[in-house]
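1. Following is a predicted model, sequence given first.
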Amino acid sequence: MPQLLRLTAFLAALGLFFTPLPSADAFGPPPKPVLQQTAEAKLLAEFARFATLSDGSVGIAVRDLQTGETQALNGDTLFPMASAYKVAVAGRIFALVDAGELRLDDQLALDPALASEGGIAWMFSRPGASLSVDRLLELMLQKSDNNATDVLVARAGGPQAITGFVAKLGVNGLRVDSDTAHLLYRAMGINPLSGSFRQNAEAARRADPLLVTRDIRDLPNLNFAMDPKDTSTPSAMLDLITAYASGRALSAASTQRLFTIMAHCETGKARIVGMLPPGTAVAHKTGSLNGTGNDVGVVRLPDGRRFAVAVFVMKDSKGHRSRDRIIAEAARAAYDYFLYAPERAHGLAHKS
């Protein structure tokens, strides 16, 4: 019996000897190399330093579109999108094209009821005037034309349809509640029930001269900034841009056309593109309104890799030059990080 017990114990020990040890994954992912941790910490410290250039709030989110690695400062804070919301409008329009419900060469009537101020507003008074969907997309994304935008918002099915499109992509934290005219009404603190935009805006400015002062001096509108309507987190906007860039949201043809149009953006020359090396390919869309400055898009690195970037600034009274610099500095820091930082084996999202 003692010999049998000793034999049993020996076989049990032998079995334990040959049993595979648990893999590293059983204890979680291996720790990141110190060099990588240092590079990440330095980038986030830079983002925090840039944020001090504003007396308002700053949100920055960047993502390597190959590995999915994401770095963010205030990535889950809500910011007014201003005209950056037009990126979502464009996605909904291209989705309708992909579904066969719309063509880029379709002509859309310029309904005078949709006219606001500036841009092609003068065209709306011409009976029978129309523009192609493609041309309206160019005007919206390249010149940030509010009138072209609101024609497209109406054709898209309205703000709720645009928010629905975004939500179906799994993007959380981005909502569209207004066309541009009504977004501007909210910024002015009015809710007119009738009359043209110009009539209503002029009446509001006569009633409250501070509206004119705020626009001229580009001062923040705190009530507007804190309203959850027409807002996005930097991370949500990054998710939307990523959905486009990955080809998950739109057809290949629509994806290519979207980014081709955005690559010729005429606004915000001192923002994302401001400090990047000359000739860097950038497709982006800006937003500006009462102490708010945004820019979102995709940047191509010299080796062909791409990263997405979304920078939002709100409640800022230092002026557009300060906001532009924050955006430009953040884009350049991300450019250098993704180009020169040590090989990142993990390649998984990291948020702060």
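-> That came through, no problem.
2. pLDDT weak spots in the stretch 251-352 of the chain?
-> For the stretch 251-352 of the chain, applying pLDDT under 70 flags the ranges 342-352.
3. what about the most centrally placed residue in the chain, distance to residue 331?
-> Nearest to the mean C-alpha position of the chain, by C-alpha atoms, centre = their mean, lies residue 237 at 3.3 Å. Look at residue 237 and residue 331: by C-beta to C-beta, to the nearest Å, they are 14 Å apart. Using the backbone N, CA and C atoms, a C-beta is placed for each residue, glycine as well.
4. hmm, back to that, how about the nearest residue to the residue nearest to the centre of the chain, chain neighbours excluded?
-> residue 310 (4.2 Å; C-beta to C-beta, 6 or more residues apart in numbering).
5. Sketch out the strands for the stretch 101-250 of the chain, chain order is fine.
-> Applying DSSP state E, counting those that start in this stretch to the stretch 101-250 of the chain gives strands spanning 107-109, 130-132, 231-232.
6. Deepest in the core, which of those is it.
-> Comparing the strands of the stretch 101-250 of the chain by mean neighbour count (mean count of other C-beta atoms under 10 Å), strand 231-232 ranks first with a mean of 27.
7. Show me what it is packed against.
-> strand 79-80 (3 or more C-beta pairs under 8 Å, 6 or more residues apart in numbering; DSSP states H and E).
8. hmm, back to that, Serialize the strands of the stretch 101-250 of the chain to TSV and add fields for mean pLDDT and distance to residue 53.
-> What follows is the strands of the stretch 101-250 of the chain, written out as TSV (pLDDT from 0 to 100; distance: least, C-beta to C-beta, whole Å):
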stretch	mean pLDDT	distance to residue 53
strand 107-109	98	41
strand 130-132	98	39
strand 231-232	98	22
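9. Would you tell me which of these gets closest to residue 62?
-> strand 231-232 (15.3 Å; C-beta to C-beta).
10. one step back: can the strands of the stretch 101-250 of the chain go into CSV with extra columns for distance to residue 124?
-> Listed next are those as CSV, based on distance: least, C-beta to C-beta, whole Å:
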stretch, distance to residue 124
strand 107-109, 9
strand 130-132, 11
strand 231-232, 28
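11. Please report phi then psi for the nearest residue to residue 65 once chain neighbours are set aside.
-> Ranked by C-beta to C-beta, 6+ apart and with sequence neighbours excluded, the top spatial neighbour of residue 65 is residue 306, at 4.6 Å. Per-residue torsions, residue 306: phi -130, psi 150 (degrees, to the nearest 10).
12. Next: residue 99.
-> In terms of degrees, to the nearest 10, the main-chain angles of residue 99 are phi -80, psi 0.
13. Can you name every helix or strand that the helix ranked longest in the chain contacts?
-> When the chain is parsed with DSSP state H, its longest helix is helix 320-340. With contacts taken as 3+ C-beta pairs under 8 Å, 6+ apart, helix 320-340 sits against helix 34-51, strand 57-64, strand 293-300, strand 306-314.
14. Point out the most buried one among these.
-> strand 306-314 (a mean of 28).
15. by how many degrees do that strand and helix 34-51 diverge?
-> With axes from the mean of the first three to the mean of the last three C-alpha atoms, to 10 degrees applied, the angle from strand 306-314 to helix 34-51 works out at 30 degrees.
16. Can you give the strand pairings for strand 306-314, parallel or anti for each?
-> The strands beside strand 306-314 in its sheet (DSSP bridges) come out as strand 57-64 (antiparallel), strand 293-300 (antiparallel).
17. Reformat those strands as JSON lines; add distance to residue 136.
-> JSON lines is the format used below for these (distance: least, C-beta to C-beta, whole Å):
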{"stretch": "strand 57-64", "distance to residue 136": "29"}
{"stretch": "strand 293-300", "distance to residue 136": "20"}
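18. Tell me how far the residue lying closest to residue 76 once chain neighbours are set aside lies from residue 338.
-> Excluding its sequence neighbours, the residue lying closest to residue 76 (C-beta to C-beta, 6+ apart) is residue 233, at 5.1 Å. Using C-beta to C-beta, residue 233 is found at 21 Å from residue 338.
19. And for residue 226?
-> Taking C-beta to C-beta, one finds residue 226 at 33 Å from residue 338.
20. The two - which one has more neighbours?
-> Each of residue 226 and residue 338 has its neighbours counted (other C-beta atoms under 10 Å); residue 338 has more, 25 against 12.
21. How about that one: what's its closest non-neighbour residue?
-> Closest to residue 338 by C-beta to C-beta, 6+ apart is residue 307, at 4.9 Å.
22. Can you report phi and psi for residue 319?
-> According to degrees, to the nearest 10, residue 319 has phi 100, psi 160.
23. Leaving out sequence neighbours, find the closest residue to it.
-> residue 218 (6.0 Å).
24. Just list the residues touching the spatially closest residue to residue 328 that is not a sequence neighbour, thanks.
-> Once flanking residues are discounted, residue 328 sits nearest to residue 274: 3.3 Å by C-beta to C-beta, 6+ apart. Counting by C-beta atoms under 8 Å, 6 or more residues apart in numbering, residue 274 touches 324-325, 327-328, 331.
25. any idea how far the closest residue to residue 132 other than its chain neighbours is from residue 339?
-> Nearest residue to residue 132 in three dimensions, chain neighbours excluded: residue 105, at 5.4 Å (C-beta to C-beta, 6+ apart). Residue 105 sits at a distance of 39 Å from residue 339 (criterion: C-beta to C-beta).
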